[in-house]
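Enquirer: Give the three-dimensional model of this entry:
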Amino acid sequence: QVQLVESGGGLVQAGGSLRLSCAASGRTVSVLAMGWFRQAPGKEREFVAAINWSGRGTHYSDSMKGRFTVTKDNAKNTVYLQMNSLKPEDTAVYYCAAQNGLGLYRDGYDYWGQGTQVTVSS
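Expert: Next up, the predicted model:
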């Protein structure tokens, strides 16, 4: 069983930055494929970014590419999402997810965190 706890959300002005953290327990992230998702009020959950088991492979949703960066620190068993040039439309609850696998995945995640709120003011 894998437990995931997100942190780092908050209120930021448009153009600002935030770094979200996802601390894992129960298994090491070095053997897990990890992803970030978000869900805005009244909208479906959408894929944000994925990172593979080694941390050397990443994949992003087109709308986040160039602004968001996903990284993994195996020593801290933590995955990060650095978000720059934030826009009001980035406002959402951001979720960390994990699954067994070696690749990059946009879906099929088995384990989810509770989410952290990100609010971007204009």
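Enquirer: Within the helices and strands, which one has the closest residue to W53 other than its chain neighbours?
Expert: Using C-beta to C-beta, 6 or more residues apart in numbering and skipping the chain neighbours, the partner closest in space to W53 is L102 (5.2 Å). Every residue, glycine included, has its C-beta placed from N, CA and C. Using DSSP states H and E, L102 is not contained in any helix or strand.
Enquirer: tell me the contacts of L102?
Expert: Neighbouring residues of L102 by C-beta atoms under 8 Å, 6 or more residues apart in numbering: A33, N52, W53.
Enquirer: So which of those residues belong to strands?
Expert: A33 (DSSP state E).
Enquirer: ok, so of the contacts of L102, who is nearest Q1?
Expert: Lowest distance from Q1 to the contacts of L102 (C-beta to C-beta) belongs to A33, with 16.4 Å.
Enquirer: Could you report the neighbour count for the closest residue to that closest one other than its chain neighbours?
Expert: Once flanking residues are discounted, A33 sits nearest to G101: 4.3 Å by C-beta to C-beta, 6+ apart. Applying other C-beta atoms under 10 Å, we find 16 residues neighbouring G101.
Enquirer: Thought W53 was touching G101, still the case?
Expert: Yes: using C-beta atoms under 8 Å, G101 is in contact with W53, at 7.3 Å.
Enquirer: Overlap of the contact sets of those two?
Expert: In contact with both G101 and W53: L32, A33, using C-beta under 8 Å, 6+ apart.
Enquirer: mind putting the contacts of L102 in JSON lines, distance to Y60, pLDDT and neighbour count included?
Expert: Formatted as JSON lines, the contacts of L102 follow (distance: C-beta to C-beta, whole Å; pLDDT from 0 to 100; neighbours: other C-beta atoms under 10 Å):
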{"residue": "A33", "distance to Y60": "14", "pLDDT": "94", "neighbour count": "22"}
{"residue": "N52", "distance to Y60": "13", "pLDDT": "94", "neighbour count": "18"}
{"residue": "W53", "distance to Y60": "17", "pLDDT": "91", "neighbour count": "20"}
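Enquirer: tell me the contacts of G57?
Expert: Residues in contact with G57 (C-beta under 8 Å, 6+ apart) are I51, G103, L104.
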